[in-house]
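Asks: just a sequence and a predicted model for now, questions to come.
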Amino acid sequence: MTLLFGIPIDTLTTALLTTTLLIIGIVVLLALSNIIFFKIGTRNIPRRRTQMWLIIFALMLSTTLLSSVLATGDVITTAVQTVAVYNLGSVDETIEGGHGALGYFSDGAYYQLRNLASHDPDITAVGASLTEHDLLVA
């Protein structure tokens, strides 16, 4: 996995690390410049230990769930793309753009092409395929 939402992982990591360090620096500067507010904000930590640990655990759990959802989405997208490419197989020639009602070839065109190709020793096989492009958007 080298991209996340179309952004390279290295660039994203650098930007997020810089932003996090900047926010932590601002919070530390605010705490040092307003000692009274810092003491008011931290006074309940020793008093309500269970609540503090519950909040920390909930934040860790939500972060883990969000990360797993993003990772699962990337894995499923890659799996679907891999299966689609594998099922397409090794194709030498592709004919597209029929004149039927939906823009496809009729069955008769396939049978006619198959009969013509059966007389050519260089053609191993002819197969028909109905392919929809951009059918699955992940």
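Replies: Good, I have the coordinates. Numbering: from 1, shown residues only.
Asks: please enumerate the helices of this protein.
Replies: 9-33, 35-42, 49-88, 107-117 (DSSP state H).
Asks: TSV for those, including distance to Gly98 and mean pLDDT?
Replies: C-beta here means a position set from N, CA and C on the backbone, and glycine is covered the same way. Output for those, formatted as TSV (distance: least, Cβ to Cβ, whole Å; pLDDT from 0 to 100):
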stretch	distance to Gly98	mean pLDDT
helix 9-33	43	95
helix 35-42	70	88
helix 49-88	19	87
helix 107-117	7	86
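Asks: pick the most deeply packed of the ones you listed.
Replies: helix 107-117 (a mean of 12; mean count of other Cβ atoms under 10 Å).
Asks: any idea how far Thr13 is from the residue nearest the centre of the chain?
Replies: In the chain, the centroid-proximal residue (Cα atoms, centre = their mean) is Asp74; its distance is 3.5 Å. According to Cβ to Cβ, to the nearest Å, Asp74 and Thr13 sit 16 Å apart.
Asks: do the same with Leu54
Replies: 30 Å.
Asks: which residue sits farthest out from the middle of this structure?
Replies: His119 (46.4 Å).
Asks: do you know the pLDDT at that one?
Replies: Looking at His119, its pLDDT stands at 88.
Asks: domain-wise, how is the chain divided?
Replies: Domain segmentation of the chain under automatic domain parsing yields 1-43, 48-89, 91-129.
Asks: chain center to the second one: distance?
Replies: Put plainly, it is domain 48-89. For domain 48-89, the distance from its own C-alpha centre to the chain's C-alpha centre is 11 Å (Cα atoms, centre = their mean, to the nearest Å).
Asks: I'd say Gly98 and Ser106 touch.
Replies: Yes - judged on Cβ atoms under 8 Å, Gly98 makes contact with Ser106 at a distance of 7.1 Å.
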